[in-house]
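model this:
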Amino acid sequence: MPRWLLQPVDAASLAALRIAFGAVMAATLLRYFLKGWIHDYYVAPSFFFTLPGFGWVKPLPAVGMYLLFAALGLLAVGVMVGLFYRACVLLLAVGFTYVQLLDRTHYLNHYYLTCLLAFLMALMPLEGLWSLDARRRPELRRDTVPAWCLWALRAQLLVVYLFSGMAKLQPDWLLQGQPMMQWLDGTPVARWLAPAVPLHALALAASWGGMLVVLLGPPLMLSRRARPSAYAALLSFHLMTGLLLNIGVFPWLAALLLLVFFEPDWPRRVLAWVRGVPVPVATKGLEPAAVTRPAPWLVVLLCAHFAVQVLVPLRHRLYAGPVLWNEEGFLFSWHMKIMEKRANARFEATDPATGQRWRVDPLQYLTEKQAYRMVTHPDMLAAFARHVSAEYGRQGRPGVEVRAWVAVKLNGRPRRLLVDPAVDLAAHEEGLAPRPWLLPLEGAGARQVP
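Numbering: from 1, shown residues only. Okay, here's the model as predicted:
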């Protein structure tokens, strides 16, 4: 590890981040109770859209799921106050990741980011300042941390914003103002500006502005001179998207996480300003040798982590066709809020032994949210077809074929068929290979629907 990453830096910034992260996680988990999501997402469904390779991950019984979320809430509070911090943040990372693996229906990029941050924080000595651990065990007290802790979190955020910004470098976003135009249509801002600014022009301005802020804002925050303006632009962007798109706690989480780009002693400066006292210098008199060199396994783990973080979002380039349509390589790639898909779907089952055909109602197998999300995501369509066929197999009708007629409207385009209606989706397992049963969005083979 380079010597500059071993330099001691003020621990105040990361202590503040630990407190904020724990508080946001506690609030997030409380919302699962208040909104009834535990029952709706993990108790009521009879089928779950698990991620490829994680079909073995199953929900606990109803009581177990409620106890799990209560435990995760307590762990989040433990992270916030710094009580048994290392154990709390590691268990929180494992437990919340388990929850996210249960059903792809509820996948959100900021939940994925939360899991990554929790695992990274579990590697860092963030219990030494403003924590109950430091109070009950004075030997843990420390005013500094190695610089690699700060830069690992900055690097993770840079990766997220870089790929999120790069995902917006495509014609729908930059030339058509889509899907921004659909989101702005009918909003008070659009109505107020309508006499002077056409909706299309407003959507293009918002799209370009959002792309530039997301792509350039975090790198500019590395510059002390540009940092205040870049943070103000990012903060405004997140607050506006939060109000426009109703994306939960993410705008508040992002606003707090971005503070990690400021000087690591910024909380001490704020506290000193409030109290009217001089700013204490945590690193005064310390040498780089005062910080323990990390173990080789930790260096290897961090290198592997960031290699995966860079390579995984690029995998969609290995597939033909637009990723917003086929969604091959879409998950875990930070394609955040860049498409609007609306779909109509019909499903038909066929018994090859008798030739009998009949309609399949997804709501007999899925919750309303699962059915709504499923019709626009190819991987979920195939998983649903396999599940329906397996259910009939358990009823003594093996080999039932399931076909789908799915008409999708992507970013304001005319509706087109997503799936070849002649293909038995139940016969196709999900893997890394391209999905041959998908129809193209444009060109030869594309099928427009009236």
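
what sits against the spatially most central residue of the chain?
Nearest residue to the geometric centre of the chain (Cα atoms, centre = their mean): N109, 1.1 Å. Contact partners of N109, counting by Cβ atoms under 8 Å, 6 or more residues apart in numbering, are V160, W334, H335, M336. To be clear about C-beta, it is placed using only N, CA and C from the backbone, and glycine gets the same treatment.

So which elements touch the helix or strand encompassing Y372?
Following DSSP states H and E, the helix or strand that holds Y372 is helix 368-374. Using 3 or more Cβ pairs under 8 Å, 6 or more residues apart in numbering; DSSP states H and E, the elements in contact with helix 368-374 are helix 378-394.

what are the C-alpha coordinates of the helix it packs on, in PDB please?
What follows is helix 378-394, C-alpha atoms only, in PDB (Å, rounded to 0.1, in the frame of the first residue of the first chain):
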ATOM      1  CA  PRO A 378     -36.700 -10.000 -18.800                       C
ATOM      2  CA  ASP A 379     -35.000 -12.000 -16.100                       C
ATOM      3  CA  MET A 380     -38.100 -11.900 -13.900                       C
ATOM      4  CA  LEU A 381     -40.300 -12.900 -16.900                       C
ATOM      5  CA  ALA A 382     -38.300 -16.100 -17.400                       C
ATOM      6  CA  ALA A 383     -38.200 -16.800 -13.700                       C
ATOM      7  CA  PHE A 384     -41.900 -16.500 -13.500                       C
ATOM      8  CA  ALA A 385     -42.400 -18.800 -16.400                       C
ATOM      9  CA  ARG A 386     -40.200 -21.500 -14.800                       C
ATOM     10  CA  HIS A 387     -42.100 -21.100 -11.500                       C
ATOM     11  CA  VAL A 388     -45.500 -21.500 -13.200                       C
ATOM     12  CA  SER A 389     -44.300 -24.600 -15.100                       C
ATOM     13  CA  ALA A 390     -42.800 -26.100 -11.900                       C
ATOM     14  CA  GLU A 391     -46.100 -25.500 -10.000                       C
ATOM     15  CA  TYR A 392     -48.100 -27.400 -12.700                       C
ATOM     16  CA  GLY A 393     -45.400 -30.100 -12.500                       C
ATOM     17  CA  ARG A 394     -46.200 -30.500  -8.800                       C
END
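
What separation do you get for the residue nearest to the centre of the chain and F96?
14 Å (Cβ to Cβ, to the nearest Å).

Quick check: next helix or strand after the lowest-mean-pLDDT helix or strand in the chain?
Counting by mean pLDDT, DSSP states H and E, the chain has its least confident helix or strand at helix 188-193, which shows a mean of 86. The helix or strand immediately downstream of helix 188-193 is helix 199-220, counting by DSSP H and E.

residues of the next helix-or-strand element following that next one that come out buried?
With elements assigned by DSSP H and E, the helix or strand that comes after helix 199-220 is helix 227-245. Within helix 227-245, the residues that qualify as buried are R227, A230, Y231, A233, L234, L235, F237, H238, T241, G242, counting by 16 or more other Cβ atoms under 10 Å.

okay if I get those as JSON lines plus pLDDT?
As requested, the buried residues of helix 227-245 are exported to JSON lines (pLDDT from 0 to 100):
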{"residue": "R227", "pLDDT": "96"}
{"residue": "A230", "pLDDT": "97"}
{"residue": "Y231", "pLDDT": "97"}
{"residue": "A233", "pLDDT": "96"}
{"residue": "L234", "pLDDT": "96"}
{"residue": "L235", "pLDDT": "94"}
{"residue": "F237", "pLDDT": "91"}
{"residue": "H238", "pLDDT": "90"}
{"residue": "T241", "pLDDT": "82"}
{"residue": "G242", "pLDDT": "81"}
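
quick one: buried residues of the helix holding Y372?
In terms of neighbour count (16+ other Cβ under 10 Å), helix 368-374 has its buried residues at K369, Q370, A371, R373, M374.

what's the nearest residue to the third one if we skip its chain neighbours?
Translated: A371. With sequence-adjacent residues excluded and distances taken as Cβ to Cβ, 6 or more residues apart in numbering, A371 is closest to P362, at 4.3 Å.

My understanding was that the one you found contacts A385; is that so?
No - counting by Cβ atoms under 8 Å, A385 is not a contact partner of P362; they are 10.5 Å apart.

the more surrounded of these two?
The neighbour comparison of P362 against A385 (other Cβ atoms under 10 Å) goes to A385, with 26 against 19.

List the contacts of the helix or strand containing V89.
Secondary structure from DSSP H and E places V89 in helix 85-102. The contact list for helix 85-102 (Cβ under 8 Å, 6+ apart) reads 18, 25, 41-42, 48, 50-51, 54, 57-59, 68-69, 71-72, 75-76, 78-79, 106-107, 111-112, 114-115, 118-119, 121-122, 126-127, 131, 133.

change it to 7 Å
25, 42, 48, 50-51, 54, 57, 59, 68, 71-72, 75-76, 78-79, 107, 111-112, 114-115, 118-119, 121-122, 126-127, 131, 133 (Cβ atoms under 7 Å, 6 or more residues apart in numbering).

Please apply the same query to stretch 257-276.
Applying Cβ under 7 Å, 6+ apart, the contact partners of stretch 257-276 are 9-10, 12-13, 16-17, 150, 153-154, 157, 218, 221-222, 227, 231, 234, 278-280, 282.

Buried ones from those, can you make that a ChimeraX selection?
Of the contacts of stretch 257-276, the buried ones go into a single ChimeraX selection, burial set by 16+ other Cβ under 10 Å:
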select :9,10,12,13,16,17,150,153,154,157,218,221,227,231,234,282
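
for the stretch 51-200 of the chain, what spans make up the strands?
144-146 (DSSP state E, counting those that start in this stretch).

Then the stretch 351-450 of the chain?
Along the stretch 351-450 of the chain, the stretches classed as strands by DSSP E, counting those that start in this stretch are 357-360, 401-410, 416-417.
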